[in-house]
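>>> okay, here's the prediction I keep looking at, along with the sequence it came from:
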Amino acid sequence: MFQRTTMKTIRCKFICLFILSFVCIEIFGEENLYDVLGVRKTATQKEIKQAYKNQAMEWHPDKNKDPTAADKFTKINEAYETLGDPERRSQYDKFGYTSAKDHRQQSRGSPFGDPFHGDPFEGFFHNFHNFKFNFGGSGFTDSFIEKNEINMRVYETKILPESHQKPYILYAYAEFCYECVNLEPVLERLFKELESVGIGMGTFHAGRVQRLAVELKISRVPRIVAVINGRTSDFRGHVTLHNLRQFVRNLFPKTLIQPLNDEKLDKFLDGWEDNHMRGVFFSPKEEISAMYLAPAFYYKSFVTFGHVNTNADDVYKTLKRFNLHSGHKSLLMFNEDAQSPVASLSMQQISRSTIDEVIEANKFLLLPRISSQSYFEELCPAEVKAKRKKLCIVLISKKAEESERKKFRRYLRKSMFLNNERVRFTYIYEETQSNVIQTLNKNEDTENKKTMKNVVIIWRVERNHLSYEWLKNALTKEEDIYNLREELEGRVQQLLNSDQSLAFKTILPDFHNEHSLHLFIRILHRFHNWGERVLIFVTSMDPITVLTVFMAFAMMFGIGYFMSAMAAIEEEQLREKQPRQYKPRPPSRTPDQKRVNLYELTPDSYDTLVLNSDAGLTMVVLINDESGSKLLSKFKDIVLPLTRYSGLSFSFLRLESYIGWYQHLLEDSVGHKVRMENININNCIGTVLALNGIRKYYYIYQPKKARKWIRQNNKNVPSAIGMFDSDENSDSDQDSRVILVEELLDGLLDWFDKVFDGSQRKIRITAWPDLRAV
């Protein structure tokens, strides 16, 4: 008994000792996390982050072949998960508590984690104490990546529309991307530069924002993509700050900013008749900075820009003319007066906001033209409230009448409303904006049949809803400017100082875009865009895949070409063995496509139109000498729409000469069981036959006169040849009335429809009667 108790005591002590040893090993066996990362206990968060990146790159299993690399890599991530978070680090410093223990307690389950949510690699590394690799800016709120994070909705609603005014640089990354770690310092510097220049930026996780990754055709990370004018362009090459800067500059059109010198400057400034202001950048470099390219692209619809390299040899006169320092960066803005700028800016360093401020204040000419809907909306902004209404004074002018516009400009320079923000002076071309002018003239035409007024005041209430009135005095002669000035200034002053409305209201159609490219040019641009997309798609694929696809298409085209060639050879051989027996049909309408070619059916034309004609139908109308002209005229009008079908020919048969042929045709249709004797020609006129010469059958259209005669004199014929399928219930009184020649063909169109849809009965014959024998 004592011995058994002693054994139990020893066994309990042994178990307790084992558990105590295990706990000691668990507690003291773990390495110090600061030592794992190789930093001091007093290290800052920035030092810990940098040490983590260095250690992770060194001990990643894909790069380090040491057998212990995986374990070391796991410990590095566990250390950073704890020390990289201030709260967890504080707990660790106080209690030796690590975030890895939390993960081990929570990661009991599938060794691969949730395959449909979160990081696809997260569950896999549960076996390595469930670490999470926080590269690519994830987990750091101060990162430039999180600052510029986007999703699919931002891309569709913001980036794509705005890419027509400024380019966007997008960066796609993912976790466990060690190339991303190398790119981050370079991209961070680039994004800071882009922000100062005014170019858009965006970052996204390719695994989490999969729709956007698919849209941009991103198959691997890291990836740098530019979006401009709604199109994407991939960065290719070694990632350096210089290469990225060059990539950004190359996004802009080559002709966006024109290089200028003493010789080219005047011609450039005199080009304002395209309705664009002129802006000239000056800098001591030949290569145009993105600081100039970005605003030039943003304001390209309103301002045309040039650039002068102040260190060039052929710009001395220009610098002296405008008193500019060759070492400074400058911007000059010009309107119709090319002699002196309306605004100037010259500094050693110019910010984007300063450039925008100068351009925005001077982006319109002194007298700009409303040349598109966007110009109209900019020049005449909408204002609903009457007390704050904004007025547009519009001159209606023809392109050739430059003298009127010069008079208007001279008045405008001295006008009391020149710098009034609520009044804008402009003009439109009468030739190109005729729809708008017609709408404005509707009310004037009601009161006066013809108006000579050419100056209108417009208050745009909403988008195209406006109130307007014409000035009574027109600007046509030099002396008119004084009367116009008095009336204009008095009326505008009255409108600005009251909530009074203008005389008329209307809904204006959109203005014609005078700057739009020709349709052919737009089609070429579309094909160019498609070609670029195909090229991008092909170059993004694996070379073996591209070669396989190319060989598949080449094989398809090769087989198709071979089959086509073999079919052509076989057809040629058959043609040689069996010479062509049928003659092509003559054209059914004249070369001008306006009249019907109507052929007379005679023994000479019978062979071409019926006996040996090519596949199709020959429509023959039966006439006599008395009714011929009227019937043929009506027949031509009816069949004119059918002449577009090459398988149809149209002819006529004179019954006085060939009534016997028609008699034999009807007799053959009933197997010569009935003799068609004493046929009255007058009862046959207006009959139309649709003859198929090859297959020996025809369709027949019978006017009511012929139906009545055949029904009364040859009772077996109608049922035999199916003439009267739709005439069983015809009224005898209606049949007995006199039918005019013009009415004989009234039912022909319906009959044609039945022939073409197959509902009209075919009448087959054994052989065509000989036209020469009758």
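Cool, the structure landed. Residues are numbered from 1 along each chain as shown.

>>> okay, CA-based contacts and neighbour counts for the rest of this
Noted.

>>> quick check: which ranges of the stretch 51-200 of the chain have low pLDDT?
Scanning the stretch 51-200 of the chain for pLDDT under 70 picks out 94-142.

>>> list the contacts for the spatially closest residue to residue 700 that is not a sequence neighbour?
Leaving aside its sequence neighbours, residue 700 sits nearest to residue 689 (Cα to Cα, 6 or more residues apart in numbering; 4.7 Å). By Cα atoms under 8 Å, 6 or more residues apart in numbering, the contact set of residue 689 is 618, 619, 620, 621, 698, 699, 700, 701.

>>> so what's the second one up against?
Meaning residue 619. With Cα under 8 Å, 6+ apart, residue 619 has these contacts: 648, 649, 650, 651, 688, 689, 690, 691.

>>> by contact count, what packs against the helix or strand encompassing residue 307?
According to DSSP states H and E, residue 307 maps onto strand 303-309. Under the contact criterion of 3 or more Cα pairs under 8 Å, 6 or more residues apart in numbering; DSSP states H and E, strand 303-309 touches strand 257-260, strand 277-283, helix 290-298.

>>> contacts for the first one, please.
Strand 257-260 is touched from outside by 293, 296, 304, 305, 306, 307, 308, 309, with contacts defined as Cα under 8 Å, 6+ apart.

>>> can you give me the helices in the stretch 401-550 of the chain?
Ranges of helices within the stretch 401-550 of the chain are 402-414, 434-447, 480-496, 519-539, 543-577, based on DSSP state H, counting those that start in this stretch.

>>> tell me which of those helices lies nearest to residue 426.
With Cα to Cα as the criterion, residue 426 lies closest to helix 402-414 of those, at 9.4 Å.

>>> list the contacts of that closest one.
The contact list for helix 402-414 (Cα under 8 Å, 6+ apart) reads 366, 367, 397, 418, 425, 475, 476, 478, 481, 485.

>>> neighbour-wise, give me the winner out of these.
Neighbour counts for these (other Cα atoms under 10 Å) peak at residue 475, which has 25 neighbours.

>>> wait, it sits on residue 481?
Yes: counting by Cα atoms under 8 Å, residue 481 is a contact partner of residue 475 at 6.3 Å.

>>> pull the most distant pair out of the contacts of helix 402-414.
418 and 476 (21.7 Å).

>>> coming back round to it: and the contacts of residue 689, which is closest to residue 219?
Nearest to residue 219 among the contacts of residue 689, with distances taken as Cα to Cα, is residue 618, at 64.2 Å.

>>> any idea how far residue 77 is from residue 381?
Using Cα to Cα, to the nearest Å, one obtains 59 Å as the distance from residue 381 to residue 77.

>>> with neighbour numbers in mind, choose between the two.
residue 77 (26 against 19).

>>> looks to me like that one is in a strand.
No: counting by DSSP: H, G, I helix; E, B strand; the rest coil, residue 77 is not part of a strand but helix.

>>> how close does it sit to residue 55?
As judged by Cα to Cα, residue 77 and residue 55 stand 9 Å apart.

>>> and what of residue 502?
The gap separating residue 502 from residue 55 is 76 Å, by Cα to Cα.

>>> count the neighbours of residue 50 for me.
By the criterion of other Cα under 10 Å, residue 50 has 12 neighbours.

>>> before we move on, the earlier item: nearest to residue 598, of the helices of the stretch 401-550 of the chain?
helix 543-577 (31.2 Å).
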